[in-house]
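Trainee: Predicted model and sequence below, questions to follow.
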Amino acid sequence: MKALQLFGDRDLRLVEIDAPPPPGPGEVRIRVRAVGLNHIDVWGFRGMAFVRRKLPVVVGAEASGEVESVGAGVSRFMPGQRVVMYGAMTCGQCRACREGRDNLCENVAGIMGFHLDGFSRDLVTMPARLVMPIPDGVTFEEAACAPIAFGTVQHMLFDNARLEPGESVLVHAGGSGIGTAAILMAKQIGCTVYATVGDDEKGEKAKALGADVVVNYRTERFEGEVRRLTKRKGVDVVFEHVGAETWNGSLLCLKRGGRLVTCGSTSGVSATINLMQLFQQQYRITGSFGCRMENITQSLDKMAGGLKPIIDTVLPVADFSQGLEKLETRRVFGKVIATL
């Protein structure tokens, strides 16, 4: 079967590898149909010196497909059923896993597509417990946005930030895959959304999604605009994933007692913080990584209900590196999807 493997920094090759064996007890074999591209793919593509992994590795951390065959003891799925897959190889046995806090697994073996072989291949065999059905009315391309993009946003906004109807939220990088999802989910519950973007064209698209205020961070200081428009009170929640470039400005945008939730550091991993500001303003800062499997199911239900992900580009898996270049240079509005 064909698979897309990373052999070294910026060295992706479409190769032939052995197909996986038939599924064993508790397993399903899945024919992959669509793979969502994410910044974790960009980081792996660039090369990360501090990550221990064996190359070559099959890339792709987020995907959808259809069940080809099932192993003994699997009754939840049948051949031909459309599914998405959870990309963290959790143990399923520790306390966090038993309580449904999958992204806090104490014995996780790694992230597929980064530490372990991922989804950019014709066939993959998975534990059935890490597979979820796609509801009717959701395409393979849309479903491929659920495990990381929509699931991450669902976890950030509602599990961690506890966003409530009618609150205000600042969404950074409103044209990104998770940024567009955050705008959609926040507007769905009646929030006031402030969004930052890198150019005016993305600004118009963000407004079309429902953003109430859009700030081009290349021409305006977003913290100044948010404070001015909120009469210096600030917003209830900041949806942060840019990192060093926006960190201190994000804190300035929070109202007293506000919540900042962060899942990324694309502009740099280190930032300073004013501790007096932190405790005097009583900020609540939460780190968020990945999501729970329940968040993926919640995301798929939202898609089935009409909240569709914004897809910028669909390309064949052979052009995966072109999709990564679009992400790396920020020439996207929404998600990039590779199909097999």
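Mentor: On my side now, so go ahead. Numbering: from 1, shown residues only.
Trainee: what about residue 81, neighbour count?
Mentor: 17 (other Cβ atoms under 10 Å). Heads up, the C-betas are built off the backbone N, CA and C, glycines and all.
Trainee: What of residue 105?
Mentor: Neighbour tally, residue 105, other Cβ under 10 Å: 19.
Trainee: That one and residue 94 touch, don't they?
Mentor: Yes: counting by Cβ atoms under 8 Å, residue 94 is a contact partner of residue 105 at 5.9 Å.
Trainee: all strands for the stretch 101-250 of the chain, in order.
Mentor: 123-127, 131-133, 168-171, 192-197, 213-216, 235-240 (DSSP state E, counting those that start in this stretch).
Trainee: Next, format those strands as JSON lines and append mean neighbour count and mean pLDDT.
Mentor: Converted to JSON lines, those look like this (neighbours: other Cβ atoms under 10 Å; pLDDT from 0 to 100):
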{"stretch": "strand 123-127", "mean neighbour count": "20", "mean pLDDT": "98"}
{"stretch": "strand 131-133", "mean neighbour count": "20", "mean pLDDT": "98"}
{"stretch": "strand 168-171", "mean neighbour count": "28", "mean pLDDT": "98"}
{"stretch": "strand 192-197", "mean neighbour count": "26", "mean pLDDT": "98"}
{"stretch": "strand 213-216", "mean neighbour count": "21", "mean pLDDT": "97"}
{"stretch": "strand 235-240", "mean neighbour count": "28", "mean pLDDT": "98"}
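Trainee: export those strands to a markdown table and tack on distance to residue 151?
Mentor: As requested, the strands of the stretch 101-250 of the chain are exported to a markdown table (distance: least, Cβ to Cβ, whole Å):
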| stretch | distance to residue 151 |
| --- | --- |
| strand 123-127 | 16 |
| strand 131-133 | 10 |
| strand 168-171 | 17 |
| strand 192-197 | 20 |
| strand 213-216 | 25 |
| strand 235-240 | 15 |
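Trainee: Give me the next element, helix or strand, following the helix or strand of the chain with the lowest mean pLDDT.
Mentor: In the chain, no helix or strand scores lower on mean pLDDT, DSSP states H and E than helix 39-46, which sits at a mean of 90. Next helix or strand after helix 39-46 toward the C-terminus (DSSP states H and E): strand 57-58.
Trainee: Parallel or antiparallel, list what pairs with that next one.
Mentor: If you go by DSSP bridges, strand 57-58 pairs up with strand 2-8 (antiparallel).
Trainee: how big is the angle separating the helix or strand that contains residue 31 from strand 123-127?
Mentor: Assigned by DSSP H and E, residue 31 falls within strand 27-36. With axes from the mean of the first three to the mean of the last three Cα atoms, to 10 degrees applied, the angle from strand 27-36 to strand 123-127 works out at 120 degrees.
Trainee: nearest to residue 286, of the strands of the stretch 101-250 of the chain?
Mentor: With Cβ to Cβ as the criterion, residue 286 lies closest to strand 235-240 of those, at 9.9 Å.
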